[in-house]
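[1] What would the 3D arrangement of this be:
(one chain, ligands or ions: 1)
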Amino acid sequence: METLPPDHPRYISLLMRDRLISGIKDGITSQHGLIAHGRGESFDYLLSEKTLPSANKAAKSAASHLALAKNPVISVNGNTAALVPAEIVELSKLTGASIEVNLFHRTEKRINKIISHLNSYGATNVKGISATSTIPGISHERAKVTESGLYSADVVIVPLEDGDRVGAFTSMGKIVVVIDLNPLSRSSQLATVPIVDNVSRAIPNIIHHFKNISNLSPEELLTLTTTFNRDATLEDAERIIRNGFLDLYQ
Ligand code: PTJ
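    Numbering: from 1, shown residues only. The predicted model follows:
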């Protein structure tokens with residue numbers, strides 16, 4: 001849109017659409033990304049475009065995993081790069097997590113454009129180009145990862161992921177944090193920590209929690225991760241999507 005009035009009731013939603021359309025024009029986002037976003041929007045609408053308390057707990061658990069991690073990596077695709085570039089860079093700097101570009105519709109050209117885009121927000125050493133390692137059991141392009149990044153990571157953050165790779169990552173013994181508005185997607189169902197929330201709210205929320213838990217001991221952080229109940233989180237989101245948000249207050 002030429003001018004986006006901030007007082008428009010659907011300002012954030014329109015802003016996110018604008019970012020994706022710019023992402024396509026700039027060669028960052030794939031056209032499939034628009035379809036994926038529309039699917040996400042419909043779930044978000046049913047969640048009243050708000051972060052559920054259960055998703056907030058999941059974001060806190062994700063922050064605790066990041067604080068305990070030795071080699072955390074944030075996987076970035078064309079949608080995430082267009083929607084939340086500044087927030088991804090902030091989370092990476094705050095937590096020490098690497099950023100790795102990893103695409104379903106992979107081209108070297110698009111990877112380079114995404115890296116340049118993230119660099120313009122202050123990122124350095126974004127991985128993804130020399131992806132010479134392969135995730136076992138994955139036959140599509142998302143299998144291609146860097147040895148020092150996604151291959152050897154102990155904790156991975158994967159927004160808008162596909163279920164195959166989430167399953168493969170967990171089989172490799174990694175802690176997998178999935179951000180996906182669909183609690184029934186295979187990605188959400190297979191995640192160690194499913195955050196059923198919009199990536200535009202989930203990443204800032206992980207940042208918020210990471211700052212708040214920075215003075216906790218490793219034992220306290222571990223307790224935050226072990227007391228998190230992934231099944232209850234998924235059930236809660238599905239119940240609210242099926243029954244309506246007001247159900248929360250009954
Ligand atoms: O950039 P690429 O080539 O890696 O491609 C990225 C897309 C997103 C196109 C690709 O991964 C894809 O096709 O994804 P899917 O299989 O459509 O899955 C997208 C999932 O993310 C769906 O479950 C959506 O509900 C969810 N989703 C969409 N937008 C958001 C979202 N979840 C959180 N925040 C969003 N903004």
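
[2] So the most centrally placed residue in the chain versus the ligand, what's the distance?
    Geometric centre of the chain, nearest residue: Pro159, 2.5 Å, by CA atoms, centre = their mean. Pro159 sits 6 Å away from the ligand when distances are taken as CB to the nearest ligand atom, to the nearest Å. For every residue, glycine as well, the C-beta is placed using N, CA and C.

[3] Angles on the backbone of that residue, please.
    phi -80, psi 140 (degrees, to the nearest 10).

[4] quick one, what contacts it?
    Pro159 makes contact with Ser75, Val76, Asn77, Asn79, Thr80, Val178, Ile179, Asp180, Val199, Ala202, Ile203 under the criterion CB atoms under 8 Å, 6 or more residues apart in numbering.

[5] which residues does it form a beta bridge with?
    For Pro159, the beta-bridge partners are Ile179 (DSSP bridges).

[6] Strands of this structure, start to end?
    72-76, 98-101, 133-134, 144-145, 155-159, 175-179, 193-195 (DSSP state E).

[7] where does the chain have low pLDDT?
    For the chain, the stretches with pLDDT under 70 are 1-2, 245-250.

[8] follow-up on the earlier one: just the contacts of Pro159 now: which is nearest Lys50?
    Of all those, Lys50 sits closest to Ala202, with 12.1 Å by CB to CB.

[9] and that closest one, what does it touch?
    Applying CB under 8 Å, 6+ apart, we find Ala202 in contact with Thr51, Ala55, Ala59, Pro159, Ile179, Ile195.

[10] Tell me the spacing between it and Thr226.
    Remark: distance between Ala202 and Thr226 (CB to CB, to the nearest Å) = 21 Å.

[11] still on that earlier bit, with distance to Arg110 as added columns, please give the strands of the chain in CSV.
    CSV is the format used below for those (distance: least, CB to CB, whole Å):
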stretch, distance to Arg110
strand 72-76, 11
strand 98-101, 8
strand 133-134, 20
strand 144-145, 13
strand 155-159, 17
strand 175-179, 21
strand 193-195, 25
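
[12] Looking at those strands, which is nearest to Arg239?
    Comparing those by their distance to Arg239 (CB to CB), the top pick is strand 193-195, with 14.4 Å.

[13] wait, does that closest one contact the ligand?
    No - shown here: strand 193-195 not in contact with the ligand (CB under 6 Å from any ligand atom), separated by at least 8.4 Å.

[14] Tell me which other helices or strands that strand touches.
    Helices and strands touching strand 193-195, by 3 or more CB pairs under 8 Å, 6 or more residues apart in numbering; DSSP states H and E, are helix 53-68, strand 175-179, helix 230-243.
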